[in-house]
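>>> this one's sequence-less:
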Ligand SMILES: [Zn+2]
Ligand SMILES: [Zn+2]
């Protein structure tokens, strides 16, 4: 007889395949099966207070569901759920790649209420089992289609049922495959339009899905040295060893590949996807140090638009954008308007359109603060250069741009007329203005 566990285990959907279930989906299905809400189940899992995260963990998790990387929260959740159900769950997140790969920025940005799914996968699940499950693949940034069915993922627009009764808020079922409003299993109340996926989107989805399908034994072969070996193999085979040409074709920073190979830093998953597709290489082979040709093509711009750092698809509403801006305005150090937009993952145009007055106010506040900062930098540079000047003069040495910078150790960028440059210029042209009366 197998040992008793706190919760009864539920088979992980698509285990060992690219269609593997996400940790979020599993938590939700286990909750439903135990007639608990996800919050109740999570509160139970985090009830012990041996670590500091217990009290706030459930609400933190359900707010964003950012548990699919190697974050501390994700690791603790997966560990506790494994103990509670007695089953291995390592493949339900990306955490197993967390050592050699950097997993920041790999999760699709969205609010927990908004889900994406492949309508055909959901249909097929319905034929096989009671509750359709959510794929880990659907949670990942850059993935916008189902590689199995070649259609774009559908972003749920909410319940499509007309006139029917809505389920009371506290007893709504929370699962990717169930409509929370009317309880329709398989979200049959929604009528998503099937849109054929483009070739680049398909290439990305295929490439990432093959990585998800790696078994735990294969994952052990994904190490820092192996990944570097794989990168080198692709650059050698496809770009004649030229890292800059490879980076350009992949739409990533020109020095990135060189840095990965030389400095032994961990490599982001997204740029690796970009490099593998640009080089027509199989990503899952690349991760274990081999070059295997793959029939994929995409331009640098196409790859960058889908996977690049600055391009974030965000589903922020106008209200959220206004709130975000007013929060930014209250900061002691106001961010620039551009930075505020990218922090939320929206374009500057969208942010400005949502709250024109706040946008103007933030830009103005940032400008004033920058002027104050640059004023400080100017007066600091001024006093440093004046000291250097008198030291040079006392030794009978020439005072010029070069000697001032050398002696003070404070470099002024000459290409940019910044505060240091202005200070140096003023010290050289009219030092008498700044001399203290002796
Ligand atoms: Zn599908
Ligand atoms: Zn519904």
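Looks like it came in fine. Because the structure is predicted, anything quoted here is derived from the model rather than measured. Ligands and ions are numbered 1, 2, ... in the order given.
>>> so which residues of the stretch 151-300 of the chain form strands?
For the stretch 151-300 of the chain, the strands defined by DSSP state E, counting those that start in this stretch occupy 151-152, 154-155, 267-268.
>>> next one: phi and psi at the spatially most central residue of the chain?
Nearest residue to the geometric centre of the chain (Cα atoms, centre = their mean): residue 105, 1.5 Å. Backbone geometry at residue 105, expressed as degrees, to the nearest 10, gives phi 70, psi 20.
>>> same question for the one 10 residues further on.
With angles defined as degrees, to the nearest 10, residue 115 sits at phi -120, psi 150.
>>> list the contacts for it?
Taking Cβ atoms under 8 Å, 6 or more residues apart in numbering, we find residue 115 in contact with 134, 138, 155, 156, 176. Yep, even glycine has a C-beta here, placed from its N, CA and C like the rest.
>>> how many residues are close by the fourth one?
Residues within reach of residue 156, counting by other Cβ atoms under 10 Å, total 18.
>>> select only the buried ones of the contacts of residue 115 in PyMOL?
Typed into PyMOL, the line below selects the buried ones among the contacts of residue 115, using 16 or more other Cβ atoms under 10 Å:
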select buried, resi 134+138+156+176
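>>> how is this protein carved up into domains?
With domains defined by automatic domain parsing, the chain comprises 221-307, 318-434.
>>> one step back: just the contacts of residue 115 now: which is nearest ligand 1?
Distance ranking of the contacts of residue 115 against ligand 1, using Cβ to the ion, places residue 138 first at 9.3 Å.
>>> which residue is the nearest non-sequential neighbour of the closest one?
Of all residues not flanking residue 138 in the chain, residue 116 sits nearest, at 5.1 Å (Cβ to Cβ, 6 or more residues apart in numbering).
>>> ok, that neighbour touching residue 157?
No - assessed by Cβ atoms under 8 Å, residue 116 is found out of contact with residue 157, at 11.1 Å.
>>> so what's residue 407 up against?
By Cβ under 8 Å, 6+ apart, residue 407 lies in contact with 388, 391, 392.
>>> mind listing what's buried along whichever helix in the chain runs longest?
Assignment by DSSP state H gives helix 356-394 as the longest helix of the chain. The neighbour-count check on helix 356-394 (16+ other Cβ under 10 Å) flags 358-359, 361-363, 365-366, 369, 378, 381-382, 384-386, 388-389, 392 as buried.
>>> likewise stretch 253-269?
For stretch 253-269, the neighbour count (16+ other Cβ under 10 Å) marks 256, 257, 260, 261, 266, 267, 268, 269 as buried.
>>> do stretch 176-192 as well
In stretch 176-192, counting by 16+ other Cβ under 10 Å, buried: 176-187, 189-190, 192.
>>> tell me the pLDDT of residue 312.
On pLDDT, residue 312 comes in at 43.
>>> pretty sure residue 18 contacts residue 138?
No - the criterion here is Cβ under 8 Å, and residue 18 misses it with residue 138 at 11.5 Å.
>>> ramachandran angles for the closest residue to residue 88 other than its chain neighbours?
Using Cβ to Cβ, 6+ apart and skipping residues adjacent in sequence, the residue nearest residue 88 is residue 82, 6.6 Å away. The phi/psi pair for residue 82 (degrees, to the nearest 10) reads phi -60, psi -40.
>>> how close does residue 82 get to residue 57?
For residue 82, the distance to residue 57 equals 16 Å [Cβ to Cβ, to the nearest Å].
>>> residues touching residue 364, list them.
Neighbours of residue 364 in contact, by Cβ under 8 Å, 6+ apart: none.
>>> could you point out which residue ranges in the stretch 301-438 of the chain have low pLDDT?
The model of the stretch 301-438 of the chain has pLDDT under 70 over residues 309-315, 414-416, 436-438.
>>> in it, what residue is nearest ligand 1?
For the stretch 301-438 of the chain, Cβ to the ion, closest residue to ligand 1: residue 306, 18.7 Å.
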